[in-house]
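>>> got a sequence here, can you build the structure:
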Amino acid sequence: SLNLLLDKPVTGPTDEPLIKVCDFGVAKFQVQDGDWGQMTNQAGTKHWMAPEMWTGSTYDEKVDVFSYAMVIYEIICREVPFEEEEPTDVGKYTVAGIRPDMDAVPPDCPTELLDVMKACWAHDPAARPSFPVVLEKIEAVRV
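Below is the predicted model of the structure:
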(Lines give C-alpha, C1' and ligand atoms only; values in the text may rest on other atoms or scores of the structure.)
Protein backbone atom coordinates (compact mmCIF):
# COMPACT_ATOMS: atom_id res chain seq x y z
CA SER A 1 0.00 0.00 0.00
CA LEU A 2 1.21 3.50 -0.76
CA ASN A 3 -0.09 4.86 2.53
CA LEU A 4 2.21 2.79 4.78
CA LEU A 5 5.67 3.77 5.95
CA LEU A 6 8.18 1.34 7.43
CA ASP A 7 10.83 2.53 9.88
CA LYS A 8 13.41 0.22 8.23
CA PRO A 9 13.60 -2.05 5.20
CA VAL A 10 12.27 -5.59 5.55
CA THR A 11 15.14 -7.93 4.71
CA GLY A 12 13.87 -11.23 6.05
CA PRO A 13 10.81 -13.07 7.36
CA THR A 14 11.68 -12.39 11.01
CA ASP A 15 12.04 -8.61 10.64
CA GLU A 16 9.47 -6.61 12.60
CA PRO A 17 9.47 -3.05 11.28
CA LEU A 18 7.37 -0.32 12.85
CA ILE A 19 4.51 0.42 10.43
CA LYS A 20 2.95 3.86 10.26
CA VAL A 21 -0.29 4.51 8.38
CA CYS A 22 0.01 7.88 6.68
CA ASP A 23 -3.32 8.70 5.04
CA PHE A 24 -6.31 6.87 3.68
CA GLY A 25 -6.93 9.50 1.02
CA VAL A 26 -10.02 10.87 2.72
CA ALA A 27 -8.60 13.97 4.39
CA LYS A 28 -11.07 16.82 4.00
CA PHE A 29 -12.80 19.52 5.99
CA GLN A 30 -15.60 18.56 8.35
CA VAL A 31 -19.04 20.14 8.12
CA GLN A 32 -19.37 22.68 10.92
CA ASP A 33 -23.09 23.54 10.67
CA GLY A 34 -25.66 21.18 12.12
CA ASP A 35 -24.00 17.83 11.56
CA TRP A 36 -20.62 18.52 13.14
CA GLY A 37 -18.09 15.86 12.43
CA GLN A 38 -19.78 14.54 9.32
CA MET A 39 -18.24 14.73 5.86
CA THR A 40 -19.81 14.41 2.44
CA ASN A 41 -18.95 13.49 -1.17
CA GLN A 42 -16.91 10.62 -2.47
CA ALA A 43 -13.18 10.77 -1.76
CA GLY A 44 -10.64 8.12 -1.00
CA THR A 45 -8.70 5.21 -2.39
CA LYS A 46 -11.11 2.71 -3.90
CA HIS A 47 -9.82 -0.58 -2.45
CA TRP A 48 -9.94 0.82 1.09
CA MET A 49 -13.18 2.86 0.95
CA ALA A 50 -16.08 2.28 3.34
CA PRO A 51 -19.57 1.48 1.99
CA GLU A 52 -20.97 4.87 2.99
CA MET A 53 -18.34 6.60 0.86
CA TRP A 54 -19.33 4.57 -2.21
CA THR A 55 -22.99 5.51 -1.80
CA GLY A 56 -22.27 9.21 -1.38
CA SER A 57 -23.78 9.24 2.11
CA THR A 58 -22.53 11.50 4.86
CA TYR A 59 -19.80 9.91 6.89
CA ASP A 60 -17.53 10.43 9.86
CA GLU A 61 -14.27 9.06 11.28
CA LYS A 62 -15.63 5.50 11.13
CA VAL A 63 -14.63 5.44 7.43
CA ASP A 64 -11.03 5.48 8.65
CA VAL A 65 -11.78 2.53 10.93
CA PHE A 66 -13.10 0.62 7.89
CA SER A 67 -10.00 1.56 5.88
CA TYR A 68 -7.83 0.42 8.77
CA ALA A 69 -9.45 -3.03 8.53
CA MET A 70 -8.43 -3.15 4.87
CA VAL A 71 -4.87 -2.20 5.84
CA ILE A 72 -4.84 -5.02 8.43
CA TYR A 73 -5.99 -7.40 5.69
CA GLU A 74 -3.28 -6.12 3.36
CA ILE A 75 -0.56 -6.58 5.98
CA ILE A 76 -1.54 -10.08 7.09
CA CYS A 77 -2.38 -11.39 3.60
CA ARG A 78 0.34 -9.47 1.74
CA GLU A 79 -2.11 -8.43 -0.94
CA VAL A 80 -4.33 -5.45 -1.68
CA PRO A 81 -7.98 -6.09 -0.78
CA PHE A 82 -9.90 -7.01 -3.97
CA GLU A 83 -6.63 -6.71 -5.88
CA GLU A 84 -7.88 -8.58 -8.96
CA GLU A 85 -11.14 -6.63 -9.19
CA GLU A 86 -11.97 -3.53 -11.19
CA PRO A 87 -12.26 -0.45 -8.94
CA THR A 88 -15.95 0.00 -9.80
CA ASP A 89 -16.63 -3.63 -8.85
CA VAL A 90 -14.90 -3.07 -5.52
CA GLY A 91 -17.53 -0.46 -4.74
CA LYS A 92 -20.39 -2.78 -5.67
CA TYR A 93 -18.95 -5.56 -3.50
CA THR A 94 -18.28 -3.28 -0.55
CA VAL A 95 -21.77 -1.77 -0.63
CA ALA A 96 -23.26 -5.29 -0.88
CA GLY A 97 -21.37 -6.30 2.30
CA ILE A 98 -18.82 -8.49 0.52
CA ARG A 99 -15.34 -8.36 2.06
CA PRO A 100 -11.95 -9.62 0.82
CA ASP A 101 -11.26 -13.33 0.50
CA MET A 102 -10.53 -14.85 3.91
CA ASP A 103 -8.81 -17.81 2.22
CA ALA A 104 -5.79 -15.52 1.79
CA VAL A 105 -5.38 -15.20 5.58
CA PRO A 106 -2.41 -17.25 6.81
CA PRO A 107 -3.45 -20.13 9.11
CA ASP A 108 -1.20 -18.89 11.92
CA CYS A 109 -2.82 -15.43 12.06
CA PRO A 110 -4.14 -14.75 15.58
CA THR A 111 -7.92 -15.03 15.69
CA GLU A 112 -8.01 -11.96 17.95
CA LEU A 113 -6.48 -9.90 15.14
CA LEU A 114 -9.01 -11.27 12.67
CA ASP A 115 -11.79 -10.36 15.11
CA VAL A 116 -10.53 -6.76 15.23
CA MET A 117 -10.33 -6.63 11.44
CA LYS A 118 -13.86 -7.97 11.02
CA ALA A 119 -15.24 -5.56 13.62
CA CYS A 120 -13.56 -2.65 11.85
CA TRP A 121 -15.01 -3.54 8.44
CA ALA A 122 -18.59 -3.86 9.73
CA HIS A 123 -21.09 -2.61 7.17
CA ASP A 124 -22.84 -0.35 9.68
CA PRO A 125 -20.51 2.47 10.79
CA ALA A 126 -22.15 2.53 14.23
CA ALA A 127 -21.10 -1.11 14.71
CA ARG A 128 -17.42 -0.33 14.04
CA PRO A 129 -15.25 0.26 17.12
CA SER A 130 -13.59 3.58 17.84
CA PHE A 131 -9.83 3.84 17.36
CA PRO A 132 -9.16 3.82 21.13
CA VAL A 133 -11.00 0.48 21.33
CA VAL A 134 -9.12 -0.81 18.27
CA LEU A 135 -5.80 0.18 19.86
CA GLU A 136 -6.71 -1.57 23.11
CA LYS A 137 -7.58 -4.79 21.25
CA ILE A 138 -4.49 -4.63 19.01
CA GLU A 139 -2.23 -4.12 22.03
CA ALA A 140 -3.80 -7.19 23.66
CA VAL A 141 -2.86 -9.27 20.58
CA ARG A 142 0.71 -8.02 20.56
CA VAL A 143 3.22 -10.68 21.49
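
>>> just the mean pLDDT for the longest helix along the chain, thanks.
Of all segments of type helix in the chain, defined using DSSP state H, the longest is helix 62-77. In this model, helix 62-77 has an average pLDDT of 93.

>>> can you check stretch 136-143 too?
84.

>>> contact partners of it?
The contact list for stretch 136-143 (Cβ atoms under 8 Å, 6 or more residues apart in numbering) reads 110, 112-113, 115-116, 119, 129. Yep, even glycine has a C-beta here, placed from its N, CA and C like the rest.

>>> so which helix or strand takes in Pro132?
For Pro132, the enclosing helix or strand under DSSP states H and E is helix 131-141.

>>> neighbour-wise, which one of the contacts of stretch 136-143 leads?
Counting neighbours by other Cβ atoms under 10 Å, Val116 comes out on top of the contacts of stretch 136-143 with 23 neighbours.

>>> so it touches Val134, yeah?
Yes - judged on Cβ atoms under 8 Å, Val116 makes contact with Val134 at a distance of 6.2 Å.

>>> which parts of this protein are strands?
Ranges of strands within the chain are 4-6, 19-21, based on DSSP state E.

>>> redo the contacts of stretch 136-143 as a markdown table? Include pLDDT and distance to Lys46.
Shown next, in a markdown table, are these (pLDDT from 0 to 100; distance: Cβ to Cβ, whole Å):
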| residue | pLDDT | distance to Lys46 |
| --- | --- | --- |
| Pro110 | 94 | 28 |
| Glu112 | 95 | 29 |
| Leu113 | 95 | 24 |
| Asp115 | 97 | 26 |
| Val116 | 97 | 23 |
| Ala119 | 98 | 22 |
| Pro129 | 98 | 23 |
